[in-house]
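Chemist: 3D model of this:
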Amino acid sequence: MRIIMEKEMASEKIGKLAIIGAGAMGSAFAKGVISAGLFSPSDVTMTDISQARLDYVSGEWGVNTTTDPSFAMAVADIVLFALKPGVLLETLPELAKFVKDGQLIISIAAGVRLESIESEMPRGTAIVRTMPNTPCLIGAGAIGFARGRAAGDEQVALAKRLFDAVGIAFEVPEKMLDAVTGLSGSGPAYVYVMIEALADAGVRVGLPRNIALPLAAQTVFGSAKMVLESDEHPMKLKDQVTSPGGTTIAGIDALDKNGFRTALMEAVKAATKRSEELA
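Modeler: Residues are numbered from 1 along each chain as shown. As a prediction, the model looks like this:
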C-alpha cells in the first residue's frame with residue numbers, strides 16, 4: 001500500500017490536455033497534473049461558459065483558456081469532461097463533433113455510463129469513466145475508474161497517470177463504480193460527520209471547541225495515514241492501542257453497543273443503491 005501512495009512525479013510530458021469545465025473538480029485535475037509534471041501550463045487548455053472562472057484558473061495556474069471547446073479539443077491528445085452529469089448528456093452530441101482520431105476521452109461525470117458516452121462518440125473512440133471524490137482538490141483523492149470498449153492498456157495507463165496526480169486510483173469493472181460511489185465517492189461526507197461528532201464529544205467532556213475540532217480531524221488524518229503507510233491491517237493497529245481493561249477498549253465497547261460498524265456498512269450500501277437508481 002505504501003507503493004500506491006508514492007506519486008509518480010514524472011518529468012516526461014504526455015502531450016496536450018483539454019479540460020472541458022473549469023469548476024472545482026476540473027481545476028483540481030489541472031492543478032494536480034501540472035504539479036506532478038505531467039503537463040506544463042502551456043499544454044493545458046481549460047474551457048468554461050464563465051469568463052470570470054477562466055480568468056481565475058488562468059491567473060492561478062497559467063493555463064490556456066477559451067469559451068470554445070472546439071478550440072481546446074482541436075489541439076488536445078487527452079480530453080477531460082469535467083461537467084455535471086446533466087450538462088454532459090446535453091452537450092455530448094456537440095462535443096462529439098470535435099473528437100479527433102487517437103484522442104483519449106475521460107469523463108468524471110457521476111452516473112453517466114460508458115454506454116451513454118460511447119453512443120454519441122465516433123466509433124472506436126477510447127473512453128475512460130471515473131468516479132473521483134472531493135479530496136482530489138487537495139491531491140488526496142480516492143478514485144475508481146473503468147475503461148470503455150475501445151480503450152487499450154496504453155490509454156488506460158495514461159489515464160491512471162492523470163488520476164494518480166490527484167490521489168490514488170484503481171481500475172474496476174464499470175459495474176463496480178456504483179460501489180466506488182457508495183464507498184469513496186460519498187465517503188468524505190461520512191468522515192466529516194464522524195469528525196463533527198468526535199469534536200462535539202470532546203466538547204461534551206470538557207474540551208474547548210477550538211481544540212476539540214483539530215484534535216478530532218488530526219486523529220482521523222493520522223490514523224488513515226497509518227493504515228496507508230504501515231502495511232498493517234486496521235485490526236492489528238487497533239489492537240496495538242487497546243490495553244486490557246483500558247480506556248480504548250471501553251470506547252470500542254461503546255461503539256459496538258451503539259452499532260457503529262453496522263451504521264457505516266448501511267451507509268455504503270444505501271449510497272451504492274442510490275447511485276444505481278440514478279444511473
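
Chemist: what sits against the spatially most central residue of the chain?
Modeler: Centroid-nearest residue in the chain: Pro132, 2.3 Å away (criterion: C-alpha atoms, centre = their mean). By C-beta atoms under 8 Å, 6 or more residues apart in numbering, the contact set of Pro132 is 25, 108, 141-143, 163, 166-167, 185. For glycine as for every other residue, the C-beta is placed from the backbone atoms N, C-alpha and C.

Chemist: got the phi and psi for the residue nearest to it when sequence neighbours are not counted?
Modeler: Using C-beta to C-beta, 6 or more residues apart in numbering and skipping residues adjacent in sequence, the residue nearest Pro132 is Ile143, 4.7 Å away. The phi/psi pair for Ile143 (degrees, to the nearest 10) reads phi -130, psi 130.

Chemist: Gly141 now?
Modeler: phi -80, psi 160.

Chemist: for it, name its beta-bridge partners.
Modeler: Gly167 (DSSP bridges).

Chemist: and the gap between it and Ala24?
Modeler: Per C-beta to C-beta, to the nearest Å, Gly141 is found 12 Å from Ala24.

Chemist: what do you get for Met121?
Modeler: On the measure of C-beta to C-beta, Met121 and Ala24 end up 25 Å apart.

Chemist: run through who's touching the one helix or strand Ala30 maps to.
Modeler: Per DSSP states H and E, Ala30 falls inside helix 24-35. With C-beta under 8 Å, 6+ apart as the test, helix 24-35 has contacts from 17, 19-20, 22, 39-41, 44, 46, 48, 57, 60-61, 63, 80, 82, 108, 132, 134, 136-137, 139, 141, 162, 165-166.

Chemist: re the thing from before, ok, so of the contacts of Pro132, who is nearest Glu115?
Modeler: Nearest to Glu115, judged by C-beta to C-beta, of those is Ile108 at 16.9 Å.

Chemist: shouldn't the closest one be in contact with Thr130?
Modeler: Yes - assessed by C-beta atoms under 8 Å, Ile108 is found in contact with Thr130 at 5.3 Å.

Chemist: overlap in contacts of the two?
Modeler: With C-beta under 8 Å, 6+ apart, Ile108 and Thr130 have no common neighbours.

Chemist: quick one: the helix holding Ala30 to chain centroid distance?
Modeler: In terms of C-alpha atoms, centre = their mean, to the nearest Å, the centre of helix 24-35 is set 11 Å apart from its chain centre.

Chemist: just the CA atoms of that helix, as CSV, please.
Modeler: Backbone C-alpha positions of helix 24-35 (Å, rounded to 0.1, in the frame of the first residue of the first chain) are rendered in CSV as follows:
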residue,chain,number,x,y,z
ALA,A,24,-13.8,22.7,-8.7
MET,A,25,-13.0,19.2,-9.9
GLY,A,26,-11.7,20.3,-13.4
SER,A,27,-9.5,22.8,-11.6
ALA,A,28,-8.2,20.1,-9.2
PHE,A,29,-7.1,18.0,-12.1
ALA,A,30,-5.4,21.0,-13.7
LYS,A,31,-3.5,21.7,-10.5
GLY,A,32,-2.6,18.1,-9.9
VAL,A,33,-1.3,17.2,-13.4
ILE,A,34,0.8,20.4,-13.6
SER,A,35,2.2,20.0,-10.1
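
Chemist: buried ones in it?
Modeler: By neighbour count with 16 or more other C-beta atoms under 10 Å, helix 24-35 contains the buried residues 25-34.

Chemist: for the very next helix or strand once past it, name the packing helices and strands.
Modeler: Counting by DSSP H and E, the element after helix 24-35 in chain order, helix or strand, is strand 44-47. With contacts defined as 3 or more C-beta pairs under 8 Å, 6 or more residues apart in numbering; DSSP states H and E, the packing partners of strand 44-47 are strand 17-20, helix 24-35, helix 51-61, strand 64-66, helix 69-74.
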